[in-house]
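Asks: Fold the following.
(one chain, ligands or ions: 1)
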Amino acid sequence: MPRYPGAKPPSGAGLDELRTAVRGCRGCDLYREATQAVFGDGPGAARVVFIGEAPGDQEDKAGEPFVGPAGRLLDKALHEAGIDRAEAYVTNAVKHFKFQRDARGTRRIHQKPNRSEVVACRPWLLAELGVLRPELVVCLGATAAQSVHGAAFRLTAHRGELLDLPAEFDLPVRVLATQHPSAVLRAPDREAAFAALVEDLAVAATALSRAG
Ligand code: URA
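Replies: Below you'll find the model as predicted:
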């Protein structure tokens, strides 16, 4: 039995306690079909936090974020931008996999979480960031960026810009939004999309090297 059934992170919890508590989250219905909640992963002292959308099929099974095709592309892009994934903390705006089964009922097709699911999961993201207190947050895709900045945020207008975390976070942290690695995998010109992702991540790498 989860120790913390409910929708809210226990206050004052550290990362390990949050990771345990999120297994009992019933803040939206996604827990019903998902295998497990997928919490963030990485060192507690990470200077940079990457936020994706939600776990995919492989992440849902493994219980770890960004271990599937999007994760492999992210690793490659981070490497090219000079960021060591092992030193980064990687998480998602939504902690449960959302999917629909294909017509034969065999494949699980990823579905984008809706606004109420993103809002329901937001306290977990805030709790993670509050514990980690990184120097930089990188939002991978519009879902993550809108979880951080609000639904009015437009990735197309602000991608690659170094901004401040909104005041409600009460953290002096810079934040940059870029494309989601899955969008790169789907792009008609994958090479150009990958180069643009690396370019944005290089802005993040420069910000980190200035701060460090
Ligand atoms: N896509 C995401 O947004 N997060 C993951 O963990 C995997 C794929």
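
Asks: For this protein, which residues are neighbours of the ligand?
Replies: 52-56, 59, 65-66, 68, 70-71, 92, 182 (CB under 6 Å from any ligand atom). (C-beta placed from N, C-alpha, C; glycine too.)

Asks: where along this structure do the helices fall?
Replies: 15-21, 57-62, 69-81, 115-132, 142-149, 155-158, 181-186, 190-211 (DSSP state H).

Asks: quick one on the thing from earlier: okay, the residues of the chain next to the ligand in CSV with pLDDT, distance to N114 and neighbour count next?
Replies: Listed next are these as CSV, based on pLDDT from 0 to 100; distance: CB to CB, whole Å; neighbours: other CB atoms under 10 Å:
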residue, pLDDT, distance to N114, neighbour count
G52, 98, 16, 28
E53, 98, 12, 24
A54, 98, 11, 27
P55, 98, 16, 32
G56, 98, 17, 25
E59, 98, 19, 24
P65, 98, 20, 26
F66, 98, 22, 26
G68, 98, 22, 20
A70, 98, 20, 24
G71, 98, 23, 21
N92, 98, 15, 30
S182, 98, 17, 20
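
Asks: how close does E199 get to the ligand?
Replies: 20 Å (CB to the nearest ligand atom, to the nearest Å).

Asks: wait, E191
Replies: According to CB to the nearest ligand atom, E191 and the ligand sit 21 Å apart.

Asks: Check D29 too.
Replies: Separation of D29 from the ligand (CB to the nearest ligand atom): 19 Å.

Asks: Count the residues that sit near that residue.
Replies: 13 (other CB atoms under 10 Å).

Asks: about what we covered before: and among the helices of the chain, the most buried is which?
Replies: helix 142-149 (a mean of 23; mean count of other CB atoms under 10 Å).

Asks: what is the mean pLDDT for that one?
Replies: Averaged across helix 142-149, pLDDT comes to 98.

Asks: tell me what it is packed against?
Replies: Counting contacts by 3 or more CB pairs under 8 Å, 6 or more residues apart in numbering; DSSP states H and E, the secondary-structure elements packed against helix 142-149 are strand 48-52, helix 115-132, strand 136-140, helix 155-158, strand 174-178.
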